[in-house]
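Undergrad: predicted structure and sequence below. I'll ask about it afterward.
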Amino acid sequence: MSSKYVIAIDQGTTSSRAIVFNHAGEVISVGQLEHEQIFPQAGWVEHDATEIWNNVREVIGQALSKANLTRHDIEAVGITNQRETTVVWDKNTGEPVYNAIVWQDTRTQQIVDDLAADGGVERYKDKVGLPLATYFAGTKIKWILDNVDNARQRAEAGDLLFGTTDTWVLWNLTGGTDGGVHVTDVTNASRTLFMDLRTRAWDEQILADFGVPASMLPEIRSSSEVYGTVHTNQLLRETPVAGILGDQQAATFGQAAFTPGSAKNTYGTGCFLIFNTGNEIVKSSNGLLTTMAYQLGDAEPVYALEGSIAVAGSLVQWLRDNIGMIATSAEIEDLAAQVEDNGGVYIVPAFSGLFAPYWRSEARGAIVGLTRYANKHHLARAALESTAFQTREVLDAVNADAADPLTELKVDGGMVANENLMQFQADILGVPVVRPKVTETTALGAAYAAGLAVGYWKDLGELESNWSEDKRWEPNLDPEERERKLRLWKKAVTRTFDWVDEDTRHV
């Protein structure tokens, strides 16, 4: 048993964290800082990439300090990140040319429409596994090049670099303008619209269609190998950075879902179900994405189907920050527990359109079924239930695409602490819901990938032995009542369709 540790940097949508893990996969310490959510206009969501990097440096110090550790106690660094969020910066100065454009941002719909005019939204799906959508990084890069003064000229001159936030953190961590490593892994590369899933290389024709210079793009590497060492001006200096996984793939890895047919659902800002399809690229006929699950060094890559839900925990944040219905996110559970049902109220949080399985960019959020009977308790319950309903629709799509249906669902993320929600999730799915003892599975997955690369853990079997069940919820809802609730939910979803017209796109 090693007396040393692995640290994971979890650069998420609302905060950056550093978590130290021991050999048993247990959390030793956590550092965390939130960063500003910037909303310049309706549909636009941005982050300050410089603030994110400064926060990452600080949370590393917090985590080390809380555990009374130094760099000498750390075997390796892993990175996990909000995946499609796009940073473009000057390689000579290290300064971003624009705020990071967040995965939730919908400003690039016109770019999507223009590209889809030739071949439809599935124009590139056979190669990249993704439909044309505002969600992915490719359209965000193009928007920056098209709209930021001199950005295209600087990019074509070779002065600008692109990265999702894993690449931005890695480049800065390994030296930035002083020899920073410009690399991403296959999971993040698979979220750009630019990577061919079969070759795991950037596709030159797609780049040409988007007008994005290949010189901007990071080198694609596996999810578990040594990319470089932390620069000498950092707290973790000379420690190898050895694992990168996009956050949802990292959570899948942290849940030890290594075999075909295994799956997990992460309840965070959004909600993401990933279903392991092994070494086979499976195309979805039901609105799911085909994506990379992970690749360990030179081993064969592992693929997955993914159901992406844009709004889950961020709906609770909206009720807190925009509406003022609650003062803290934790209050939502107590409010919802005051009533036995949702009082006929359904909330469809299509703030960024609808993702899987609908992919309706013109949809917008709706609260339906309101009567004078409804109160804030019903709204709170409906907000939580919306995540469970969306997950049910994604699970139905997975079962339609997969050879064998899921018989239970492993869950993780911040919302799984809400036991009423987990019970409702089991009820509406009709299958057991299982929570692991270590729920920090996103950071754990990045730690595992880094630790495997440096021999801290020897193989996947050792990681599987670390996983243990904390709690299981069995469905106990009458099937007829389940179907009634689902029918009403689906009716509510249709009310969000076709909301955005050409003259209301930015309203």
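TA: Sure, I can see it.
Undergrad: the closest residue to A263 other than its chain neighbours: what secondary structure?
TA: Leaving aside its sequence neighbours, A263 sits nearest to F275 (Cβ to Cβ, 6 or more residues apart in numbering; 4.3 Å). All C-beta atoms are positioned from the backbone trio N, CA, C, and that covers glycine. Per DSSP: H, G, I helix; E, B strand; the rest coil, the local secondary structure of F275 is strand.
Undergrad: right, and F275 touches L406 too?
TA: Yes - counting by Cβ atoms under 8 Å, L406 is a contact partner of F275 at 7.5 Å.
Undergrad: now for these two: what residues contact both?
TA: Contact criterion Cβ atoms under 8 Å, 6 or more residues apart in numbering; residues shared by F275 and L406: G261, A263, V398.
Undergrad: against N233, how distant is the residue nearest to A263?
TA: 42 Å (Cβ to Cβ, to the nearest Å).
Undergrad: more neighbours, these two?
TA: Between F275 and N233, counted using other Cβ atoms under 10 Å, the more crowded position is F275 (29 against 9).
Undergrad: show me the beta-bridge partners of the more buried one.
TA: Residues in a beta bridge with F275, per DSSP bridges, are A263, L305.
Undergrad: which residues does it contact?
TA: Per Cβ under 8 Å, 6+ apart, neighbours of F275: G261, S262, A263, L288, A304, L305, E306, V398, A402, L406.
Undergrad: for G287, same thing?
TA: G287 touches G307, A356, P357, Y358, W359, A397, counting by Cβ under 8 Å, 6+ apart.
Undergrad: go through these and name the one nearest K437.
TA: The nearest member of these to K437, counting by Cβ to Cβ, is G307 at 25.1 Å.
Undergrad: pretty sure the closest one is touching L354, no?
TA: No - counting by Cβ under 8 Å, G307 stays clear of L354, with 11.8 Å between them.
Undergrad: re the thing from before, which two among the contacts of F275 are spaced furthest apart?
TA: S262 and L288 (15.8 Å).
Undergrad: name the element V169 belongs to?
TA: helix 165-173 (DSSP states H and E).
Undergrad: no, scratch that, I was asking about S465
TA: Going by DSSP H and E, S465 is in helix 460-466.
Undergrad: can you name the element that comes right after that helix?
TA: Taking DSSP H and E, what comes next after helix 460-466 is strand 469-473.
Undergrad: show me what that next one is packed against.
TA: Other helices and strands packing on strand 469-473, by 3 or more Cβ pairs under 8 Å, 6 or more residues apart in numbering; DSSP states H and E, are helix 419-429, strand 433-436.
Undergrad: M292: which of those is closest?
TA: Closest among these, once you apply Cβ to Cβ, is strand 433-436, at 22.8 Å.
Undergrad: any buried residues in the next helix or strand after the closest one, and which?
TA: Later in the chain than strand 433-436, the nearest helix or strand by DSSP H and E is helix 441-453. For helix 441-453, burial by neighbour count (16 or more other Cβ atoms under 10 Å) applies to 441-453.
Undergrad: picking that back up, could the helices and strands packed on strand 469-473 go into JSON lines alongside mean pLDDT and distance to N188?
TA: As requested, the helices and strands packed on strand 469-473 are exported to JSON lines (pLDDT from 0 to 100; distance: least, Cβ to Cβ, whole Å):
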{"stretch": "helix 419-429", "mean pLDDT": "93", "distance to N188": "28"}
{"stretch": "strand 433-436", "mean pLDDT": "93", "distance to N188": "24"}
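Undergrad: redo the ones you listed as TSV? Include mean neighbour count and distance to G461.
TA: Formatted as TSV, these follow (neighbours: other Cβ atoms under 10 Å; distance: least, Cβ to Cβ, whole Å):
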stretch	mean neighbour count	distance to G461
helix 419-429	21	29
strand 433-436	22	17
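Undergrad: can I get these in JSON lines with distance to A208?
TA: Below are the helices and strands packed on strand 469-473 laid out as JSON lines (distance: least, Cβ to Cβ, whole Å):
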{"stretch": "helix 419-429", "distance to A208": "44"}
{"stretch": "strand 433-436", "distance to A208": "44"}
